[in-house]
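# For reference, the sequence and a predicted model appear below.
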Amino acid sequence: MHDNNLVKDALDLLARKWKIDQKLYDFQTGKYEGAVSDTSVNVGGITFHIPTLSKDGLYILWKCLWPDCHNCCERQGRLPLTKDDIGRIAKKVGYSSKAEFVRNETTISSWQEQEAFGNVITTLSMLSLKRKKDEKPAEDGMPLRCRFLDDEGYCGIHPDKPGVCWLYPFASWIEVDGMGHPAVHATFQFTGDCPGFYLDGSIDSMMPVLREYSTKIYNYNMAVSRTTRESYGFVNFVDLRKS
(Lines give C-alpha, C1' and ligand atoms only; values in the text may rest on other atoms or scores of the structure.)
Protein backbone atom coordinates (compact mmCIF):
# COMPACT_ATOMS: atom_id res chain seq x y z
CA MET A 1 0.00 0.00 0.00
CA HIS A 2 1.50 3.34 -1.01
CA ASP A 3 0.57 6.96 -0.30
CA ASN A 4 -0.35 8.58 -3.63
CA ASN A 5 1.21 11.88 -2.57
CA LEU A 6 4.54 10.18 -1.81
CA VAL A 7 4.37 8.31 -5.12
CA LYS A 8 3.69 11.60 -6.93
CA ASP A 9 6.69 13.23 -5.27
CA ALA A 10 8.87 10.27 -6.28
CA LEU A 11 7.59 10.36 -9.87
CA ASP A 12 8.17 14.11 -10.14
CA LEU A 13 11.74 13.54 -8.97
CA LEU A 14 12.13 10.69 -11.46
CA ALA A 15 10.76 12.85 -14.29
CA ARG A 16 13.75 15.18 -14.00
CA LYS A 17 15.81 12.50 -15.73
CA TRP A 18 13.37 10.07 -17.36
CA LYS A 19 10.36 10.53 -19.61
CA ILE A 20 7.25 9.06 -17.97
CA ASP A 21 4.17 8.18 -20.00
CA GLN A 22 1.24 10.28 -18.81
CA LYS A 23 -1.04 7.24 -18.52
CA LEU A 24 1.54 5.53 -16.30
CA TYR A 25 1.90 8.70 -14.24
CA ASP A 26 -1.86 8.94 -13.76
CA PHE A 27 -2.16 5.25 -12.90
CA GLN A 28 0.56 5.36 -10.26
CA THR A 29 -0.88 8.50 -8.64
CA GLY A 30 -4.46 7.18 -8.64
CA LYS A 31 -5.70 9.64 -11.25
CA TYR A 32 -6.20 7.32 -14.21
CA GLU A 33 -9.86 7.73 -15.21
CA GLY A 34 -10.36 4.45 -17.06
CA ALA A 35 -11.01 1.00 -15.63
CA VAL A 36 -8.01 -1.00 -14.44
CA SER A 37 -8.28 -4.78 -14.49
CA ASP A 38 -6.07 -7.62 -13.32
CA THR A 39 -4.62 -9.91 -15.97
CA SER A 40 -3.34 -13.11 -14.34
CA VAL A 41 -0.52 -15.00 -16.04
CA ASN A 42 0.91 -18.22 -14.60
CA VAL A 43 4.60 -18.58 -15.38
CA GLY A 44 6.77 -21.22 -13.75
CA GLY A 45 4.12 -21.88 -11.14
CA ILE A 46 3.91 -18.22 -10.10
CA THR A 47 0.68 -16.29 -10.73
CA PHE A 48 1.69 -12.82 -11.92
CA HIS A 49 -0.95 -10.09 -11.66
CA ILE A 50 -0.43 -7.60 -14.49
CA PRO A 51 -2.35 -4.30 -14.22
CA THR A 52 -4.27 -3.66 -17.42
CA LEU A 53 -5.66 -0.33 -18.65
CA SER A 54 -8.84 -1.85 -20.05
CA LYS A 55 -10.11 1.14 -22.02
CA ASP A 56 -6.79 1.54 -23.80
CA GLY A 57 -6.13 -2.19 -24.20
CA LEU A 58 -2.67 -1.77 -22.68
CA TYR A 59 -0.71 -3.84 -20.16
CA ILE A 60 1.63 -2.23 -17.64
CA LEU A 61 4.94 -4.05 -18.09
CA TRP A 62 8.51 -3.60 -16.86
CA LYS A 63 12.15 -4.01 -17.80
CA CYS A 64 15.27 -3.12 -15.82
CA LEU A 65 17.23 -0.12 -17.16
CA TRP A 66 20.46 -0.83 -15.25
CA PRO A 67 23.25 0.35 -15.54
CA ASP A 68 21.72 3.64 -16.66
CA CYS A 69 19.46 3.48 -13.62
CA HIS A 70 20.01 2.20 -10.08
CA ASN A 71 17.24 4.21 -8.49
CA CYS A 72 15.99 1.21 -6.51
CA CYS A 73 19.28 1.35 -4.57
CA GLU A 74 19.31 5.16 -4.39
CA ARG A 75 15.83 5.18 -2.84
CA GLN A 76 15.62 1.91 -0.93
CA GLY A 77 12.75 1.65 1.56
CA ARG A 78 13.93 -1.36 3.59
CA LEU A 79 15.92 -4.55 3.14
CA PRO A 80 14.22 -7.42 5.02
CA LEU A 81 16.47 -10.43 5.54
CA THR A 82 15.69 -14.11 5.37
CA LYS A 83 17.63 -16.56 7.50
CA ASP A 84 19.63 -17.49 4.38
CA ASP A 85 20.44 -13.81 3.78
CA ILE A 86 21.76 -13.38 7.32
CA GLY A 87 24.27 -16.22 7.06
CA ARG A 88 25.42 -15.25 3.57
CA ILE A 89 25.77 -11.49 4.12
CA ALA A 90 27.37 -11.87 7.56
CA LYS A 91 30.16 -13.85 5.93
CA LYS A 92 30.39 -11.42 3.00
CA VAL A 93 30.97 -8.39 5.23
CA GLY A 94 33.44 -10.19 7.48
CA TYR A 95 31.51 -11.47 10.51
CA SER A 96 32.31 -14.88 11.97
CA SER A 97 29.28 -14.65 14.27
CA LYS A 98 25.74 -14.27 12.91
CA ALA A 99 24.63 -12.95 16.31
CA GLU A 100 27.22 -10.15 16.12
CA PHE A 101 26.14 -9.34 12.57
CA VAL A 102 22.49 -9.13 13.64
CA ARG A 103 23.38 -6.90 16.59
CA ASN A 104 25.52 -4.47 14.58
CA GLU A 105 24.13 -4.49 11.05
CA THR A 106 20.36 -5.02 11.29
CA THR A 107 17.21 -3.35 12.58
CA ILE A 108 13.64 -4.60 12.97
CA SER A 109 11.14 -3.58 10.27
CA SER A 110 7.36 -3.96 10.23
CA TRP A 111 5.08 -3.16 7.31
CA GLN A 112 1.85 -4.08 5.57
CA GLU A 113 1.19 -5.20 2.02
CA GLN A 114 -2.24 -5.55 0.43
CA GLU A 115 -2.93 -8.19 -2.18
CA ALA A 116 -3.32 -6.66 -5.65
CA PHE A 117 -7.00 -6.40 -6.68
CA GLY A 118 -7.95 -8.29 -3.52
CA ASN A 119 -8.69 -8.17 0.16
CA VAL A 120 -5.81 -9.93 1.90
CA ILE A 121 -3.58 -7.69 4.03
CA THR A 122 -0.24 -9.16 5.07
CA THR A 123 1.63 -7.74 8.06
CA LEU A 124 5.32 -8.64 8.16
CA SER A 125 7.99 -8.10 10.81
CA MET A 126 11.54 -9.09 9.90
CA LEU A 127 15.14 -8.21 10.58
CA SER A 128 16.34 -5.74 7.96
CA LEU A 129 19.83 -4.85 6.81
CA LYS A 130 20.73 -1.31 7.78
CA ARG A 131 20.90 0.86 4.66
CA LYS A 132 23.25 3.22 6.49
CA LYS A 133 25.40 2.57 9.53
CA ASP A 134 23.37 4.79 11.86
CA GLU A 135 19.90 3.98 10.50
CA LYS A 136 17.15 4.82 13.01
CA PRO A 137 13.86 2.90 13.53
CA ALA A 138 11.95 6.04 12.47
CA GLU A 139 13.59 5.79 9.03
CA ASP A 140 12.05 2.36 8.35
CA GLY A 141 10.26 2.56 4.99
CA MET A 142 11.73 5.95 4.10
CA PRO A 143 13.73 6.02 0.84
CA LEU A 144 17.47 6.05 1.59
CA ARG A 145 20.58 5.47 -0.50
CA CYS A 146 21.96 2.02 0.30
CA ARG A 147 25.46 2.18 1.77
CA PHE A 148 26.57 -0.72 -0.44
CA LEU A 149 25.89 1.20 -3.68
CA ASP A 150 29.07 2.63 -5.20
CA ASP A 151 29.41 5.66 -7.49
CA GLU A 152 29.29 3.49 -10.61
CA GLY A 153 25.96 1.89 -9.67
CA TYR A 154 27.38 -1.43 -8.51
CA CYS A 155 26.43 -3.27 -5.32
CA GLY A 156 29.31 -3.91 -2.93
CA ILE A 157 27.81 -7.18 -1.66
CA HIS A 158 26.56 -8.53 -5.02
CA PRO A 159 25.77 -11.39 -5.61
CA ASP A 160 25.19 -11.94 -1.88
CA LYS A 161 22.76 -9.02 -1.54
CA PRO A 162 19.42 -9.61 0.22
CA GLY A 163 16.95 -11.84 -1.61
CA VAL A 164 14.44 -9.01 -1.74
CA CYS A 165 16.86 -6.97 -3.89
CA TRP A 166 16.68 -9.64 -6.58
CA LEU A 167 12.89 -9.29 -6.77
CA TYR A 168 12.52 -5.57 -7.40
CA PRO A 169 10.07 -4.24 -8.52
CA PHE A 170 7.92 -7.25 -7.70
CA ALA A 171 6.04 -7.84 -4.46
CA SER A 172 4.96 -11.40 -3.74
CA TRP A 173 2.82 -13.35 -1.31
CA ILE A 174 1.48 -16.86 -0.66
CA GLU A 175 -2.21 -17.75 -0.73
CA VAL A 176 -3.89 -21.07 -0.01
CA ASP A 177 -5.92 -22.25 -3.02
CA GLY A 178 -9.28 -24.04 -2.96
CA MET A 179 -7.55 -27.39 -2.50
CA GLY A 180 -5.61 -26.17 0.55
CA HIS A 181 -2.32 -25.90 -1.34
CA PRO A 182 -0.06 -22.84 -1.02
CA ALA A 183 0.20 -20.79 -4.21
CA VAL A 184 2.69 -17.98 -4.85
CA HIS A 185 1.46 -14.72 -6.38
CA ALA A 186 3.35 -11.63 -7.52
CA THR A 187 2.66 -8.16 -8.81
CA PHE A 188 4.51 -4.88 -9.22
CA GLN A 189 5.14 -2.47 -6.39
CA PHE A 190 4.56 1.09 -7.57
CA THR A 191 6.59 3.45 -5.38
CA GLY A 192 7.23 5.99 -8.14
CA ASP A 193 10.96 5.29 -8.05
CA CYS A 194 11.41 3.05 -11.11
CA PRO A 195 11.52 4.35 -14.72
CA GLY A 196 11.37 0.82 -16.16
CA PHE A 197 7.57 0.56 -16.51
CA TYR A 198 6.09 0.79 -19.99
CA LEU A 199 2.80 0.14 -21.82
CA ASP A 200 2.24 -2.51 -24.48
CA GLY A 201 -0.72 -4.13 -26.16
CA SER A 202 0.80 -7.57 -25.60
CA ILE A 203 2.52 -9.29 -22.68
CA ASP A 204 4.87 -11.16 -25.04
CA SER A 205 7.76 -8.71 -24.65
CA MET A 206 7.88 -9.37 -20.92
CA MET A 207 7.61 -13.15 -20.95
CA PRO A 208 11.40 -13.70 -20.67
CA VAL A 209 11.43 -11.45 -17.58
CA LEU A 210 8.51 -13.33 -16.03
CA ARG A 211 10.25 -16.65 -16.64
CA GLU A 212 13.46 -15.38 -15.03
CA TYR A 213 11.69 -13.88 -12.03
CA SER A 214 9.37 -16.84 -11.42
CA THR A 215 12.32 -18.84 -10.08
CA LYS A 216 13.59 -15.95 -7.95
CA ILE A 217 10.14 -15.28 -6.51
CA TYR A 218 9.47 -18.92 -5.68
CA ASN A 219 12.84 -19.37 -3.98
CA TYR A 220 12.44 -16.14 -2.03
CA ASN A 221 9.00 -17.08 -0.71
CA MET A 222 10.28 -20.47 0.40
CA ALA A 223 13.15 -18.71 2.19
CA VAL A 224 10.70 -16.36 3.93
CA SER A 225 8.62 -19.37 5.01
CA ARG A 226 11.70 -21.01 6.52
CA THR A 227 12.60 -17.74 8.20
CA THR A 228 9.23 -17.33 9.90
CA ARG A 229 9.07 -21.01 10.90
CA GLU A 230 12.38 -20.61 12.71
CA SER A 231 11.23 -17.39 14.42
CA TYR A 232 13.51 -15.02 12.51
CA GLY A 233 10.42 -13.10 11.44
CA PHE A 234 6.64 -12.93 11.77
CA VAL A 235 3.85 -12.89 9.16
CA ASN A 236 0.15 -12.32 9.82
CA PHE A 237 -2.66 -12.47 7.23
CA VAL A 238 -6.03 -10.68 7.48
CA ASP A 239 -8.76 -11.46 4.95
CA LEU A 240 -11.09 -8.44 4.87
CA ARG A 241 -13.84 -10.58 3.34
CA LYS A 242 -14.06 -12.47 6.64
CA SER A 243 -13.88 -9.43 8.91
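That came in fine, so what should we check first?

# Mind telling me what element the residue sitting furthest away from the middle of the chain is part of?
Most distant residue from the mean C-alpha position of the chain: Ser96, 29.5 Å away (Cα atoms, centre = their mean). Using DSSP states H and E, Ser96 sits in no helix or strand.

# Which residues are in contact with it?
Contacts of Ser96 were listed using Cβ atoms under 8 Å, 6 or more residues apart in numbering, and none were found. Backbone N, C-alpha and C define where each C-beta goes, glycine included.

# what about 10 Å?
By Cβ atoms under 10 Å, 6 or more residues apart in numbering, the contact set of Ser96 is Ala90.

# Around Leu144, count how many other residues there are.
19 (other Cβ atoms under 10 Å).

# what bridges to it?
Taking DSSP bridges, one finds Gln76 as the beta-bridge partners of Leu144.

# what does Thr39 give?
With DSSP bridges as the criterion, Thr39 is bridged to Ile50.

# Just give the closest residue to Gly156, not the sequence neighbours.
Phe148 (4.1 Å; Cβ to Cβ, 6 or more residues apart in numbering).

# my read: that neighbour touches His70, true?
No: in this structure Phe148 lies outside contact range of His70 using Cβ atoms under 10 Å: 11.2 Å.

# Quick check: neighbours shared by these two?
By Cβ under 10 Å, 6+ apart, Phe148 and His70 have these common neighbours: 154-155.

# show me what contacts Trp62?
Counting by Cβ under 10 Å, 6+ apart, Trp62 touches 50, 168-170, 188, 194-198, 206, 209-210, 213.

# ok, it to Met206 distance?
Noted for Trp62: a distance of 7 Å to Met206, by Cβ to Cβ, to the nearest Å.
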